[in-house]
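Colleague: Next one to model:
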Amino acid sequence: MGGMLSNQVPVSDERMQQMIKKLKLTAKDLSVLYGKFSRYDKESGTIDRTEFYASIDEKHSQFGDAIFALIDEDNSGVLDFSEYVEALGKFCLLNKEDMLKFCFNVFDDDKNGTIEGEELTNLLEILHEDEQTSNMKQALKTFDFNGDGKIDFAEFKQLNSQFPSLLYPAFRIQQNMKIFTLGEKWWQRKIEELTSEHTEKLAQQAAVGNVEDTSDEAQRARKGEMERTAKQKRQQQASRMRLGCLYYTCCPCRRNYFIEDEESSNSDSDSDEEGSRRKQKTAAPKGKKSGKKQNIVSVGPRKPLSQEERLERARKRRLRDMQDRPTRKD
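Modeller: The predicted structure follows:
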């Protein structure tokens, strides 16, 4: 298994650059990782499945094959250094919850969201190869699967709580990947740093949300202050008009007596308008009761009489006077 021992790190591709940025790997870290990788590389620039197992001191298993398939995205059957670094970054940072999800997906062959009886048996045989699984199988028979003979993820977590040794081989592979690369303490410290950064980022996002809320409150406060200032200015102008410039300047103590509240003035004006409307309503019936007639016919200018009409009118007046003369008193 002795391969190249050169510490000349290959040029990183885009995927490796992203992992370097995520893990904040230094040149020394990359040199250590490439040294581990080169120890099992048979001068091909890659390591195959067998060499991968040897690098983490693990035996060949279907679960290990599932991990290898996860990181071997191009399905070439080998890992180059970029894929190797990416594999470490993905798998070594998984917490307990993520590891359980990974294990559940590995053994859920039909991907229907449940592990059925046969799949569970295969899980035991894969994780505990060359070991006695009869006791574990006997214990699983007493586990309550809600009577449907299937295990969903919630039940899978409960199963792991009751039988911690069930998934121990999976966690052991993760632990060996840490130990035989940069060390378990290095990975633990990195996990704590990333967790702290994530928590700080969430706190900053929450703070930004509070600042936005505060800015809205500040805008409402400024708007209210502007309205109060404008109201005070209108009151001062009204007081100056009622008091006069001389008294307004020389007698500031009398200004408050001539300041009217806008709301009260509005209510007064409303009451005045209401009173005038009431007077109009009461005045109408009184006019009807009095029986007064209104001259609604407009009389135009009288038409001038002609000469003949005037003579005829005079003749008729004389005849009328002559007829009425005997009845008059002397």
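
Colleague: Check what pLDDT the nearest residue to Ala54 once chain neighbours are set aside gets.
Modeller: Leaving aside its sequence neighbours, Ala54 sits nearest to Tyr40 (C-beta to C-beta, 6 or more residues apart in numbering; 5.7 Å). Where C-beta positions appear, they are placed from N, C-alpha and C, glycine not excepted. Here the pLDDT value assigned to Tyr40 is 88.

Colleague: quick one: Tyr40 from Leu100, how far?
Modeller: 29 Å (C-beta to C-beta, to the nearest Å).

Colleague: Likewise for Lys185?
Modeller: Distance from Lys185 to Leu100, by C-beta to C-beta: 24 Å.

Colleague: Quick check on these two: which one has the bigger neighbour count.
Modeller: Leu100 (19 against 10; other C-beta atoms under 10 Å).

Colleague: residues in contact with the more buried one?
Modeller: The contact partners of Leu100, taken as C-beta atoms under 8 Å, 6 or more residues apart in numbering, are Phe153, Phe156, Lys157, Asn160, Leu167.

Colleague: Surely it forms part of a helix?
Modeller: Yes - Leu100: assigned to a helix according to DSSP: H, G, I helix; E, B strand; the rest coil.

Colleague: Now do the same for Asp41: helix, strand or coil?
Modeller: Asp41 ends up coil, using three-state DSSP.

Colleague: What are the phi and psi values at it?
Modeller: With angles defined as degrees, to the nearest 10, Asp41 sits at phi -90, psi 120.

Colleague: just Asp72 next, same as before
Modeller: According to degrees, to the nearest 10, Asp72 has phi -90, psi 80.

Colleague: which residues does it contact?
Modeller: Val78, Leu79, Glu83.

Colleague: looking at these, which has the most residues close by?
Modeller: Result: Leu79 is most packed of the contacts of Asp72 (other C-beta under 10 Å), 25 neighbours.

Colleague: Tell me who's in contact with that residue.
Modeller: Counting by C-beta under 8 Å, 6+ apart, Leu79 has contacts Thr46, Ile47, Asp48, Phe52, Phe68, Ile71, Asp72, Ala87.

Colleague: doesn't it fall inside a helix?
Modeller: No - counting by three-state DSSP, Leu79 falls outside a helix, being strand.

Colleague: who's it bridged to?
Modeller: Leu79 has these beta-bridge partners by DSSP bridges: Ile47.

Colleague: who wins for neighbours among the contacts of Leu79?
Modeller: Ile47 (25 neighbours).

Colleague: What distance do you get for that residue to Glu309?
Modeller: Counting by C-beta to C-beta, the gap from Ile47 to Glu309 is 139 Å.

Colleague: what about the strands in the protein?
Modeller: 46-48, 78-80, 115-116, 150-151 (DSSP state E).

Colleague: which outside residues touch the last one?
Modeller: Applying C-beta under 8 Å, 6+ apart, the external contacts of strand 150-151 come out as Thr114, Ile115, Glu116, Gly117, Leu120, Phe145, Leu159.

Colleague: Most neighbours of all those, which one?
Modeller: Counting by other C-beta under 10 Å, top hit in the contacts of strand 150-151: Ile115 with 27 neighbours.

Colleague: Surely that residue touches Val106?
Modeller: No - between Ile115 and Val106 there is no contact under C-beta atoms under 8 Å: 9.9 Å.

Colleague: quick one on the thing from earlier: quick one: which of the contacts of Leu79 is nearest Gly35?
Modeller: Ranked by distance to Gly35 (C-beta to C-beta), the contacts of Leu79 are led by Ile47 at 13.2 Å.

Colleague: got the contact list for Lys22?
Modeller: Gly89, Leu194.

Colleague: again, only using 7 Å
Modeller: Gly89 (C-beta atoms under 7 Å, 6 or more residues apart in numbering).

Colleague: Need the pLDDT of it.
Modeller: 90.

Colleague: Please save the CA atoms from stretch 229-242 in CSV.
Modeller: Extracted C-alpha coordinates of stretch 229-242, given in CSV (Å, rounded to 0.1, in the frame of the first residue of the first chain):
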residue,chain,number,x,y,z
THR,A,229,-45.8,70.4,15.4
ALA,A,230,-48.2,71.4,12.6
LYS,A,231,-51.1,71.5,15.0
GLN,A,232,-49.2,73.8,17.4
LYS,A,233,-48.3,76.1,14.6
ARG,A,234,-51.9,76.4,13.4
GLN,A,235,-53.0,77.2,17.0
GLN,A,236,-50.4,79.9,17.3
GLN,A,237,-51.5,81.5,14.0
ALA,A,238,-55.1,81.5,15.2
SER,A,239,-54.1,83.0,18.5
ARG,A,240,-52.2,85.8,16.8
MET,A,241,-55.2,86.6,14.6
ARG,A,242,-57.6,86.9,17.6
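
Colleague: Sort out which residues of it are buried, please.
Modeller: Gln235, Ser239 (16 or more other C-beta atoms under 10 Å).
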